[in-house]
Each structure stands twice: as C-alpha cells, then as structure tokens.
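Colleague: Next input, structure requested:
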Amino acid sequence: MPAMTGNRKSKAAPAPARWRGSSQPTAPKEEKAEAALAAVPQAPAEATAVVEAQPPAAVENLAATTTPGVEAVPPPDTEGAGVDPPPPAGGAAASSDGGRRSRQTYRGSSTATKAPTAPAPEAALDALQDPENKDHLEKVTRALKAIQDQWPGVQGELAFGIDENANAEEQGCRAIWDPEEFRIAVATPARAYECAGNLLHSNLVQQACKGVRINRSNVQRLQNAFFKDVESAAMPLTVVVAVESGVDPMTVKGELLCLSPLEVNHALVLRVGDAIAANEGDLAGWLRLLRTVPMRFQVVDSAADCHWEAVRLRERHSHLHMGVCRTPIQRVQEVVSLRKRLEETQGAVSAAQLAEFYKESVGGTASTTPTPGIIQ
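Modeller: Predicted coordinates for the structure are as follows:
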C-alpha cells in the first residue's frame, strides 16, 4: 500500500479543452446573441404593432383645462441629458453596437411592453388616468347631485356679497364678482382677480395634476378640522381656478379647473352632502359657505401652466405649515403661559381643566388635540 502523504489533494479532472486554450472553434458572438434572442418568448403581434405604429412620447397632457386652446405639456428634450432617445417608428433604433441592444428590447424580450409607446386617444386617457380615485370621485359626484337637488340652479348663482339689506343667511364678507374689476385686474402683472366666489363654479372632479391618488383619509381629516359643524365651518384657503386669456369665467361656470388643493373642496362638498342626507337643521348655513368662498381667478396660457401652478400652490401650503406649526417646546411654552394668565384671574387651574379649555376653544382645528402628554 503506498505511503500516505500530508497533502491529500485529489487530482482534478482536466478542464475541457476549450477552457485550456485549445484551438477548438467557438461560435461567433453575433450568432450567440441571435440564438439568445430566438430563445426569448416573443411579444404578441398586437403589442408590437402598437409600439411600431405610434411614436413614443415621454410626457403628454400633464394637465388639461376645460377651456379651448390650452396646449399640452411638451415632451422633455433628451439631447445632451445622457438619455437615449426613443427608437424610430420603423423598428429598432440605430446605436453604436449595430442595433443589437434595441432589437433585444423591441423584438419581444421581457422588457418589450415597457418600451415607450404613444399615448392612447384623449378619451381613453380620461377614462384611465384616475382609476384609483374612481370610488372617491363617485362619492363627490353623488354629494354634488344632492346639493343641486336641494338648491336647483345653485351652480349658476353668484356668490353672496356684502349687503346690509340681505338677511343673515345670504350675507357675505367679501366683494362679489365685478366684470370691470376682473378686466382691470387680469391686465396687471399678477394676471389674477380675487373676490367672493361660488365653489360650484369650479370643476370639482378634475385634477390639475392628473394621475395622482387622492388621500381620502386626509379629506376626512380636513372635514373634521374645518367643516365639523356649520357654526364654526370656514374655508381655510383661497380657491384658485384657471382662466384662459380672453375668456369670461362666468360663461363657463362649473368648468373652471381648480389649481388649489382639491381635497379641501371635496371635504366641504362631502360634508354638505352628509348634512343634506341627515336633514340637518341649518342647511342654509352650508349654502352660505358654498357661495362665499375666497376665490382667485388666475389667467393661464397652457396645460403646463396649470400643472406647475398647482404644484407651486401645494408647495407653498406645505412651507406655510412648516413655518407656523408649533414645535413641542413651543406648545409647552404656550400652555404654561396660558395657565399662568388664567390663574391670575380664576385661581388655580388643574391640568384637566386646562385640557378641557383647549378642546372647547380650539376644537378640531388643532394640529393635534393638543400635543399628548403636555397638559394631561
């Protein structure tokens, strides 16, 4: 028996000749690529036809106004931005590798359905752009119908203005629409006019930024904060609507695209719908609120203007919130200061009494009710 050695390495079988530098011929790279492509399942002919028949578009109709002559958002310029341009309509794009990469993408590979395609007709886009908001918008539509059934013709009415002869239910606190003032105001650099408005003059179901899911829990939160009851209800922001240059907004009532956050409008409309369904006592108060909202008529030139103005308005509201919202330390200082002033006139005030005082005075409009742990 041969003597055992310390090295127990077993002899490995020799590698195939092609890995050891043999002269065994190999298939050209081009043939391998074609063989790999042939093994990939082909996309349906219908999908390929759609890709080849229509030119791709990266951005189309980011927002659409309801007035004629509004342009779509143009596609971005990809030259010099490090982005490969989409392929021509006739098939694979020309590239430095002879088009092999493009053939792999557009000739039936697993990424074929992700290739840029031309948008569907506008009617189809309108039907498909907001599928996740379908249930929510149906609720808003039902509430609007209830409002219009309760007050026929309300959509065509002007806002309630300042009139000492009007009864309390029809008394506003802002000047109402004046066509001459509108003409002068929109000719200024601001290109805008503000007055008391009828919320139902705006389009309450179309978003300026299409395809964004509406957060229904936020709508409910706004409803609880600002429209809990008719006595304390108030519109917390100015409703901004788009107006095409040269168009009289009063000729397109109910069609004015809303640029300010639509969630606030929905919160009010849904709350009024609930009040009508429950036959609440002071329905006239809800009508007054609908017809006395602060409204800004903003002249726009294109759908792109609508989109970006809507984005800017949301950003401004976000910055405003961050700038004025109390920090926990500020809330502590506020509570301590209030307690001290109350005790100067009322004697000792317990934490429970102070908490109740906050709830009665601030109600649902507090950012939190008040910060937990501070006054309990």
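
Colleague: rest of the way, CA atoms for contacts and neighbours
Modeller: Fine.

Colleague: ok, and for the top helix by length along the chain, which residues are buried?
Modeller: Of all the segments of type helix in the chain, defined by DSSP state H, the longest one is helix 303-324. Within helix 303-324, the residues scored as buried using 16 or more other Cα atoms under 10 Å are A303, A304, D305, C306, H307, W308, E309, A310, V311.

Colleague: Same list (those residues) but as JSON lines, adding pLDDT and distance to R174.
Modeller: Supplementary listing: the buried residues of helix 303-324 in JSON lines, determined by pLDDT from 0 to 100; distance: Cα to Cα, whole Å:
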{"residue": "A303", "pLDDT": "92", "distance to R174": "30"}
{"residue": "A304", "pLDDT": "92", "distance to R174": "31"}
{"residue": "D305", "pLDDT": "92", "distance to R174": "28"}
{"residue": "C306", "pLDDT": "95", "distance to R174": "26"}
{"residue": "H307", "pLDDT": "94", "distance to R174": "28"}
{"residue": "W308", "pLDDT": "95", "distance to R174": "28"}
{"residue": "E309", "pLDDT": "95", "distance to R174": "24"}
{"residue": "A310", "pLDDT": "95", "distance to R174": "24"}
{"residue": "V311", "pLDDT": "95", "distance to R174": "27"}
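
Colleague: in which helix or strand would I find P294?
Modeller: For P294, the host element (DSSP states H and E) is strand 293-300.

Colleague: quick check: angle from that strand to helix 303-324?
Modeller: Using axes from the mean of the first three to the mean of the last three Cα atoms, to 10 degrees, the interaxial angle of strand 293-300 with respect to helix 303-324 works out to 140 degrees.

Colleague: how is this structure carved up into domains?
Modeller: For the chain, the structural domains run 41-79+87-128, 130-324, 328-365, going by automatic domain parsing.

Colleague: Give me whichever of the ones you listed is most buried.
Modeller: Ranked by average neighbour count under the criterion mean count of other Cα atoms under 10 Å, the domains of the chain are headed by domain 130-324 at a mean of 18.

Colleague: hey, where'd the helices end up in this structure?
Modeller: Using DSSP H, the helices found in the chain span residues 29-39, 45-53, 100-106, 122-128, 134-150, 179-185, 216-226, 262-277, 283-290, 303-324, 328-346, 351-362.

Colleague: right, and the ones you listed - which one's nearest V205?
Modeller: helix 134-150 (6.3 Å; Cα to Cα).

Colleague: got the angle between the closest one and helix 262-277?
Modeller: Relative orientation of helix 134-150 and helix 262-277, computed by the same axes, to 10 degrees: 50 degrees.

Colleague: Any chance of JSON lines for the buried residues of helix 303-324, columns distance to L257?
Modeller: Supplementary listing: these in JSON lines, determined by distance: Cα to Cα, whole Å:
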{"residue": "A303", "distance to L257": "10"}
{"residue": "A304", "distance to L257": "13"}
{"residue": "D305", "distance to L257": "12"}
{"residue": "C306", "distance to L257": "8"}
{"residue": "H307", "distance to L257": "11"}
{"residue": "W308", "distance to L257": "13"}
{"residue": "E309", "distance to L257": "12"}
{"residue": "A310", "distance to L257": "10"}
{"residue": "V311", "distance to L257": "14"}
